[in-house]
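Q: whatever this is, show me its structure:
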Amino acid sequence: MDYSLFGTVPALGYLYSSVSISLIRPDNARGILAAGCLLGGMDDLCAYAYETCKQSINLETINEWLEFIESIPGSDGSLSPEQTLTSVFGQYAQRLRDDVFHFLVDTLPNVLGLNSSTISESGLPQEKTGRETLLRIFSLVPFDMFKAAVESPAFQIGSDQARFKFAKDAIELRKKGIAQGRGAEETVVLAFGGGHMGGSAVHVTRKIRKRPLWKVHS
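A: Numbers count the residues shown, from 1 in each chain. Next comes the predicted model:
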């Protein structure tokens, strides 16, 4: 759990001395943030721990952050925003989710050299490797965030056709992983013509698979 002794001890120490802030590191920041939110009255400690968490979101840690996002109540859309904010991380739950989303949509394509201004028509080897890495990461993203990211105008990885092909390939990978056994089918469509809803020509949907009905003969 994120609110284990690993984070509780520094948080308790903060009650007696602010020097505990100096103990916050990327590997314990989330635990300290959780403990600080649980104990209450530690605004400075929580703010510093949150900033450390935010700065630690990168290519090496994104898989771990996606697991964290998946564990937050309401990450699958089952709870309202008000209910989500009552989780152990309080107001920081939504802020961390937004930070992960921003990293996936804005930062990651640039880190991998896939933003639309740098992609070549021939598809250089490093671009293909970057696309494979992006596919692997997006195959692990919770559905609501996956849909929002792929449909976001800020997700610049080439043309609408390139984004559609990317989403289609990612969904194929998701069938073997995060979407497996969910009883739902993810699909993507590419709309043609103007006036796209939300400014995106790419739309991701998920529908519940109907269970087969068995007819009983007397």
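
Q: could you list the low-pLDDT ranges of this protein?
A: 1-19, 73-87, 116-127, 181-182, 193-199, 209-218 (pLDDT under 70).

Q: which residue ranges form the strands in it?
A: 184-190, 202-208 (DSSP state E).

Q: including mean neighbour count and distance to R136, could those go into JSON lines?
A: To be clear about C-beta, it is placed using only N, CA and C from the backbone, and glycine gets the same treatment. Putting those into JSON lines (neighbours: other Cβ atoms under 10 Å; distance: least, Cβ to Cβ, whole Å) gives the following:
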{"stretch": "strand 184-190", "mean neighbour count": "15", "distance to R136": "17"}
{"stretch": "strand 202-208", "mean neighbour count": "15", "distance to R136": "18"}
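
Q: out of those, flag the one nearest F143.
A: strand 202-208 (5.8 Å; Cβ to Cβ).

Q: so what's the closest residue to K168 other than its chain neighbours up against?
A: Spatially, and ignoring its direct neighbours in sequence, K168 is nearest to V188 (5.5 Å; Cβ to Cβ, 6 or more residues apart in numbering). Counting by Cβ atoms under 8 Å, 6 or more residues apart in numbering, V188 touches V150, F164, A167, K168, I171, V202, H203, V204, T205.

Q: want to throw those into JSON lines with distance to D144?
A: Formatted as JSON lines, the contacts of V188 follow (distance: Cβ to Cβ, whole Å):
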{"residue": "V150", "distance to D144": "11"}
{"residue": "F164", "distance to D144": "19"}
{"residue": "A167", "distance to D144": "15"}
{"residue": "K168", "distance to D144": "19"}
{"residue": "I171", "distance to D144": "14"}
{"residue": "V202", "distance to D144": "16"}
{"residue": "H203", "distance to D144": "14"}
{"residue": "V204", "distance to D144": "10"}
{"residue": "T205", "distance to D144": "12"}
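
Q: circling back: for the residue nearest to K168, list each beta-bridge partner.
A: Counting by DSSP bridges, V188 is bridged to V204.

Q: of all the strands of the chain, which one is nearest I157?
A: strand 202-208 (10.7 Å).

Q: for the nearest residue to V111 once chain neighbours are set aside, phi and psi?
A: Closest residue to V111 apart from its sequence neighbours, by Cβ to Cβ, 6+ apart: L59 at 5.9 Å. The phi/psi pair for L59 (degrees, to the nearest 10) reads phi -60, psi -30.

Q: would you confirm that L59 contacts T107?
A: No: the pair L59 / T107 is not scored as a contact, 9.1 Å apart, by Cβ atoms under 8 Å.

Q: which one, of the strands of the chain, ends up nearest to D98?
A: Closest among the strands of the chain, using Cβ to Cβ: strand 202-208, at 19.2 Å.

Q: for the closest one, C-alpha coordinates in PDB please.
A: The C-alpha coordinates for strand 202-208 follow below in PDB (Å, rounded to 0.1, in the frame of the first residue of the first chain):
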ATOM      1  CA  VAL A 202     -10.700   9.600 -34.200                       C
ATOM      2  CA  HIS A 203     -13.200   8.200 -31.800                       C
ATOM      3  CA  VAL A 204     -12.700   5.300 -29.400                       C
ATOM      4  CA  THR A 205     -15.700   3.400 -28.000                       C
ATOM      5  CA  ARG A 206     -16.300   0.500 -25.700                       C
ATOM      6  CA  LYS A 207     -19.400  -1.700 -25.600                       C
ATOM      7  CA  ILE A 208     -20.400  -4.500 -23.400                       C
END
